[in-house]
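In: How does the following fold in three dimensions:
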Amino acid sequence: MDALQGDLFHPTPGAVTADHSGGIMPDPPWREWVTPHKISLLILISEYVQNKAERGQEITDVFTKTLLFGVRLQRSISLALLKWIQSPDETLADLRREVEKLAGGDPSAAETVVGWLDNKLKEMAQDGLMVLTDFMQSLDQLFNLSAEGEEPLLQKAGVIGMFIRRMVLAFDKLSFSQVSSLYELLMEYCQEGKSSLKDPLDTSDAMEMADEGEGMRREDLEVGKEDSTVLSYRQAQYYLSLGLQNNYNDAEASSPAELQQQVQRLLKSNPLFVEAHYLSYLNSMNVYEWCGAVQSLHLYFDRFSLHSQHNQQSKPNEDATAARSYRYAALNLASLHCRFGHREEAMAVLQEAIRLAQVTNDNVCLQHALIWLSRLEEDESKVAMLLQRSVIRSSILTLPYLASMAVQMFTKLKAQAGLKPARVFEYLAKSNSLNCLHYIPELVASCFALQTALWQMYGKSAMSLLNIQLLLHGSGNPTTNHWDKELGCLVLSHLAVIHADQGNYTCVYEILQLLKEKFHHIKKNARVWMFAEQCINFDRALRNHKWTAAETAITSLAALDNTEAQYRRALLLKEKGDSVGACKHLQELLQKCREEPATTITEIHAGVLLALGEVYTAASNLTTANSYFLQCLTLCKEHHLNHMATMAQLNIAHIQLLMKLPAQALALTEQVMPQVLSHGSLYNRSRAQFLLAKCQLASSDPIHPTQRKAAILSAIGTLGIALNGFQKAEAPARVKDVLYYQAQLYNEVGNSADRNRCALQFRQLDQQIPTNPTQILNIF
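Out: Sure, this is the predicted structure:
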């Protein structure tokens, strides 16, 4: 038992008491103890209050300038004291530097304030332990000081008053040996900081006197020497709140290694401070350290059990607090299992949290559990029912955050199920009204992000870009700053993809560089921009026929999304002319999409059908290709994927052209051109222009020379637009196709100069990128 206690409970100076069994048990975690740093703060507070009381209302300009009691400086001193009280202990030199900064560049003011601290510490060092004892006993008199005709300057119920009373109470409970140990620590504290003093403190006599103290506990001194940043329980709570706050603000957050060291210091000073394990859990989640996250949560459960058993001896009413911590920790464990895909384990832990919440009638916890239950449920109808129930219950319990979040989840579910876009955006408007009514800026931004994703899914990239601009504009407001959060990473990554679709690669890599600086590889949001970067690199390498670079991008994508990597590998094989290999990969993906529709993204399913149709088109199996295009068109119509539906229609028009039906192909192409030109990428717009030119040329009647020549001239102009687009999109193979058709048309109308120019450009490109006979060439 003694060995176990020595491992779990690290003794702190002046903070140990004997239990009834004869062993050493830690004091309750709310126990405060006196440290040299806190004595320095008490000196500053005492001198500050006494000088202000002596001057009263007769504060001259000289006094204000000298003693820093102007209104602005009073505020600065009060804020500094609040920070020092709650923060870890500092060295004397650091404290002096921070005090000097408050003077605002006035040397005389800084010298006066620092002199208060130096003079009192020098007096304690010269006159011995009695000065320290008298000083601590005189602190109660500060509550009686006041200016003439005013209330006391120091209130007992104030922050400073509570701090003084806690320190006095803690000092009174110290034994003589502990006071001697404290005095020796104070002398060492002065000795470490004397190098920064103009008049160094002579602590040699005081140290000798302290060494003669009988019953002094040397082990207490050793603990103080190991780590100067000793934290009380209240300081640990403040430190924890800062860590939790910074966890959601990547700009202010410490690095994971530094944060883990801070957690270790918290646990070293306060072994019973079990909340530090939760901070360690969040830190592990940020860097995807799953083993550390699970271990931290298990330690939280184990240490909290021990903590609760200890508190039951002195505070039986701690059961409610323990149960509350247990059920919320269970919720976090359920979310962790959900990330791992362990549905059964997550459901078991979630049921435990629900049971604990029902016992104590914790409706807030029950609503959180209901949200997670909807995430774990596989049946879409049951998920919709659970989300509807969550919205109703959250509204009744006046929990707008949970209600709005449930509405957004319900909107996403219905959008993926194929609900009409008008109804989807109607649901989203209800969430937005809740966010604005109750001022929930996080969910307002989340609503804009969801709108961005919905417009992109529906094939309206212009509307998606508009929502991105609204989000970025809102990031300029400090109260709604999303630059350094996951939302900012998502928005900027999507903006980079949109610029890549338009061929603006200079802007793309500037945005990616910004993302790399703001969201480093070890941050939780790095996966978002990494995925976007590899997709951009793959598309660019594929169009340039840089197969090695495309393979590298696929390998990197496999670590982020295996399904996406497999889909893009099939696209690579298709472009290389390996129809058999591409068809094999695409058929495997198609089977997976049909067997697991709940876990498959609809855009991937439609993309697989589209790619299969292109493979069979290249093999001149037009009937099979047309069936896949029709399946893709049907799927896109069901889920309102306008852009994918447009690409399927263009492929059908191309098949009609190959089947000698140019009039039908031209009509279908002209029908979908507005959607392509308004919301399509630069590469797809150029493909559509190329197909339109071929349809125009094929539908012209060669019997009538005038009509034929007009069609050729119109097709040449359309091909010129397509040529510029392919060049900007860096698709040299498609540039060669356009140049080949242009040369033929110029030759037909007798324009030999332009024909030779196109032929020369074709030859130069063919030397750089030779035409592969097995390469797919008959796709539009």
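
In: Would you check how far apart the residue nearest the centre of the chain and Trp529 are?
Out: The C-alpha lying nearest the average C-alpha coordinate of the chain belongs to Glu486 (Cα atoms, centre = their mean; 3.7 Å). Distance check for Glu486 against Trp529: by Cβ to Cβ, to the nearest Å, it reads 11 Å. Where C-beta positions appear, they are placed from N, C-alpha and C, glycine not excepted.

In: The closest residue to the residue nearest to the centre of the chain other than its chain neighbours and Leu279, how far apart?
Out: Using Cβ to Cβ, 6 or more residues apart in numbering and skipping residues adjacent in sequence, the residue nearest Glu486 is Asn525, 4.9 Å away. If you measure Asn525 against Leu279 using Cβ to Cβ, the figure is 19 Å.

In: same thing with Met130?
Out: 43 Å.

In: Looking at these two, which has the bigger crowd around it?
Out: Neighbour count, other Cβ atoms under 10 Å: between Met130 and Leu279, Leu279 has more, with 24 against 9.

In: and Lys505, how many neighbours does it have?
Out: Quick fix: residue 505 reads Tyr, not Lys. Neighbours of Tyr505 using other Cβ under 10 Å come to 16.

In: can you pull the contacts of it?
Out: Contacts for Tyr505 (Cβ atoms under 8 Å, 6 or more residues apart in numbering) come out as His499, Arg540, Glu730.

In: Which element, helix or strand, includes the first one?
Out: The one in question is His499. helix 486-501 (DSSP states H and E).

In: Just give me how far that helix sits from the chain centre.
Out: 15 Å (Cα atoms, centre = their mean, to the nearest Å).

In: now the helix or strand just after that helix and helix 486-501, what's the angle there?
Out: For helix 486-501, the following helix or strand on the C-terminal side (DSSP H and E) is helix 505-518. Computed by axes from the mean of the first three to the mean of the last three Cα atoms, to 10 degrees, the angle separating helix 505-518 from helix 486-501 equals 160 degrees.

In: which among the contacts of Tyr505 gets closest to Leu350?
Out: His499 (41.9 Å; Cβ to Cβ).

In: Just list the residues touching the closest one, thanks.
Out: Tyr505, Cys507, Val508, Ile511.

In: Can you tell me how far the first one is from Lys584?
Out: As defined by Cβ to Cβ, Tyr505 lies at a distance of 33 Å from Lys584.

In: repeat for the second one
Out: The span separating Cys507 from Lys584 equals 38 Å under the rule Cβ to Cβ.

In: before we move on, what about Trp547?
Out: For Trp547 relative to Lys584 (Cβ to Cβ), the value is 18 Å.

In: backbone phi and psi for the residue located most distally from the centre of the chain, please?
Out: Distance from the C-alpha centroid of the chain, by Cα atoms, centre = their mean, peaks at Ile703 (66.2 Å). Here is the backbone geometry of Ile703 (degrees, to the nearest 10): phi -70, psi -30.

In: Then Leu331?
Out: According to degrees, to the nearest 10, Leu331 has phi -60, psi -40.

In: shouldn't it be in contact with Leu373?
Out: No: using Cβ atoms under 8 Å, Leu331 is not in contact with Leu373, being 10.8 Å away.

In: Now for those two: what residues contact both?
Out: Contacts common to Leu331 and Leu373, judged by Cβ under 8 Å, 6+ apart, are Leu350.

In: Residue ranges in the stretch 251-400 of the chain under the pLDDT threshold?
Out: 251-254, 269-270, 272, 303-325 (pLDDT under 70).

In: do that again at 50, thanks
Out: 313-314, 316-318 (pLDDT under 50).

In: can you check the stretch 1-150 of the chain too?
Out: Looking at the stretch 1-150 of the chain by pLDDT under 50, you get 1-30, 57-69.

In: now the helices: where do they sit in it?
Out: According to DSSP state H, counting those that start in this stretch, the stretch 1-150 of the chain carries its helices in the segments 2-8, 36-55, 61-67, 71-86, 92-101, 107-127, 129-138.

In: same deal with the stretch 401-550 of the chain?
Out: Using DSSP H, counting those that start in this stretch, helices in the stretch 401-550 of the chain cover 421-438, 441-457, 461-474, 486-501, 505-518, 526-543, 547-558.

In: least reliable of those helices going by mean pLDDT?
Out: When the helices of the stretch 401-550 of the chain are compared on mean pLDDT, helix 461-474 scores lowest, with a mean of 85.

In: name the helices or strands packed onto it?
Out: helix 441-457, helix 486-501, helix 662-679 (3 or more Cβ pairs under 8 Å, 6 or more residues apart in numbering; DSSP states H and E).

In: what's in contact with it?
Out: 444-445, 448-449, 451-453, 455-456, 480, 482, 487, 491, 494-495, 498, 501, 643, 678-681.

In: How about stretch 402-409?
Out: So stretch 402-409 is contacted by 367-368, 371, 374, 387, 390-391, 394-395, 427-428, 430-431, 434-435, 438, 440, 443, 446-447, 450 (Cβ under 8 Å, 6+ apart).

In: can you do 6 Å?
Out: Residues from elsewhere that reach stretch 402-409 (Cβ atoms under 6 Å, 6 or more residues apart in numbering): Gln367, Leu387, Ser390, Val391, Ser394, Ser395, Lys430, Ser431, Leu434, Asn435, Leu443, Leu450.

In: now do stretch 591-604
Out: Tyr567, His605, His639.

In: at 7 Å instead, please
Out: By Cβ atoms under 7 Å, 6 or more residues apart in numbering, the residues outside stretch 591-604 that reach it are Glu378, Gln416, Met457, Thr563, Tyr567, His605, Val608, His639, Leu641, Met644.

In: which among those residues gets closest to Glu551?
Out: Nearest member of those to Glu551, counting by Cβ to Cβ, is Tyr567, at 14.6 Å.

In: That closest one: how many residues sit nearby?
Out: Other residues close to Tyr567 by other Cβ under 10 Å number 21.

In: Then the one 5 residues further on?
Out: By the other Cβ under 10 Å criterion, the neighbourhood of Leu572 contains 20 residues.

In: How about the contacts made by the spatially closest residue to it that is not a sequence neighbour?
Out: Leaving aside its sequence neighbours, Leu572 sits nearest to Ala550 (Cβ to Cβ, 6+ apart; 5.2 Å). Counting by Cβ under 7 Å, 6+ apart, Ala550 makes contact with Phe538, Ala541, Leu542, Leu572.

In: Repeat the analysis, applying 8 Å as the threshold.
Out: Phe538, Ala541, Leu542, Arg568, Leu572.

In: ok, which pair from the residues you listed is furthest apart?
Out: Applying Cβ to Cβ across the contacts of Ala550, the maximum distance is between Ala541 and Arg568, 10.5 Å.

In: Just want to know which of these two has more residues nearby.
Out: Set Ala541 next to Arg568 and count neighbours by other Cβ under 10 Å: Arg568 wins out with 23 against 20.

In: and after the strand or helix carrying the more buried one, which helix or strand comes next?
Out: Assigned by DSSP H and E, Arg568 falls within helix 562-576. Next helix or strand after helix 562-576 toward the C-terminus (DSSP H and E): helix 579-595.

In: can you give me how far whatever helix or strand comes next after that next one is from the chain middle?
Out: The element immediately downstream of helix 579-595 (helix or strand, assigned by DSSP H and E) is helix 602-618. A distance of 35 Å separates the centroid of the chain from that of helix 602-618, by Cα atoms, centre = their mean.

In: sorry, back to before: can you add distance to Asp89 and give the helices of the stretch 401-550 of the chain back as a markdown table?
Out: Below are the helices of the stretch 401-550 of the chain laid out as a markdown table (distance: least, Cβ to Cβ, whole Å):
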| stretch | distance to Asp89 |
| --- | --- |
| helix 421-438 | 41 |
| helix 441-457 | 35 |
| helix 461-474 | 41 |
| helix 486-501 | 35 |
| helix 505-518 | 33 |
| helix 526-543 | 35 |
| helix 547-558 | 46 |
